[in-house]
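> 3D, please:
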Amino acid sequence: MNTFEYALMLETLSNHGVIAFPTETVMGLGVFYDDENAYHYLNFIKGRPEDKPYTMMLGDVNNIQEYAFIDEVADKLIKAFMPGPVTLLLKAKNNVPAYVTHSTGIIGVRVPNFDIAREVLTVAVKPLLVPSANKSGQKPALTSKEVEEIFGEEVGYVVEGESAKLQPSTIIDLTKSPYIIIREGPITKEMIEEVLK
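Just a heads-up that it's a prediction; the model follows:
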């Protein structure tokens, strides 16, 4: 993206809008994590139940500790697998709004290993809440063109390109002891056990 496009993307986010961008799995939608108006608008355009939380996506592994508590187990997994296809459920810090965690105090954190997504997240500076780009119950968009067909004017800015269509991320709940693998993806149970043994 060039500087002009950066400006348009940031303008959309700053005005409580939704952006779309390619990730390594599907196209993602994004809003600033601390923008409640944008959060409710995102739920509205997706037709998504208010009780389903969104993943917080960051551009830099080093920023996770600003928003979530990292213990020894989390630290080992972050060093081994991030950036990469893993989402860690962690205890959120006080700067993460209650509506984001659905008052559970738990946040799913992810740092993608995909250049376009990392660029978007780095330019945004603040973390984004990122679900897949689809209407609830429908197939996710895989290209920027599909996003425009599904959402039209509802999405304020679409980063051109296509997703890498890779397997969805592994989800590990580190708020439980012992941890629970909620969804096994590219990072397997054996790989996790090897890092933590």
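
> any idea how far Met57 is from Thr188?
Going from Met57 to Thr188 by Cβ to Cβ, to the nearest Å gives 22 Å. Bear in mind the C-beta positions are built from the backbone N, C-alpha and C, glycine included.

> Now the particular helix or strand that has Leu129 in it: average pLDDT?
Using DSSP states H and E, Leu129 falls within strand 128-130. The average pLDDT within strand 128-130 is 98.

> Packing partners of that strand?
On a contact count with 3 or more Cβ pairs under 8 Å, 6 or more residues apart in numbering; DSSP states H and E, strand 128-130 meets strand 27-32, strand 55-57.

> Next, the contact list for Lys165, please.
25-26, 142 (Cβ atoms under 8 Å, 6 or more residues apart in numbering).

> just to revisit the earlier point, let me know which of the helices and strands packed on strand 128-130 is the nearest to Val147.
strand 27-32 (5.2 Å; Cβ to Cβ).

> Gly108 and Pro178: what is the separation?
18 Å.

> Look at the residue lying closest to Ala68 once chain neighbours are set aside and give its secondary structure.
Nearest residue to Ala68 in three dimensions, chain neighbours excluded: Leu90, at 3.8 Å (Cβ to Cβ, 6 or more residues apart in numbering). Secondary structure, DSSP: H, G, I helix; E, B strand; the rest coil: Leu90 is strand.

> What number of residues are in the vicinity of Tyr54?
Residues near Tyr54, counting by other Cβ atoms under 10 Å, number 22.

> got the phi/psi numbers for it?
The phi and psi values for Tyr54, taken as degrees, to the nearest 10, are phi -110, psi 150.

> out of everything not next to it in sequence, what's closest to it?
Leu129 (4.0 Å).

> So the one you found sits against Asn43, correct?
No: here Leu129 lies out of contact with Asn43, judged by Cβ atoms under 8 Å, at a distance of 10.2 Å.

> The two - which one has more neighbours?
More neighbours surround Leu129 than the other of Leu129 and Asn43, with 24 against 18 (other Cβ under 10 Å).
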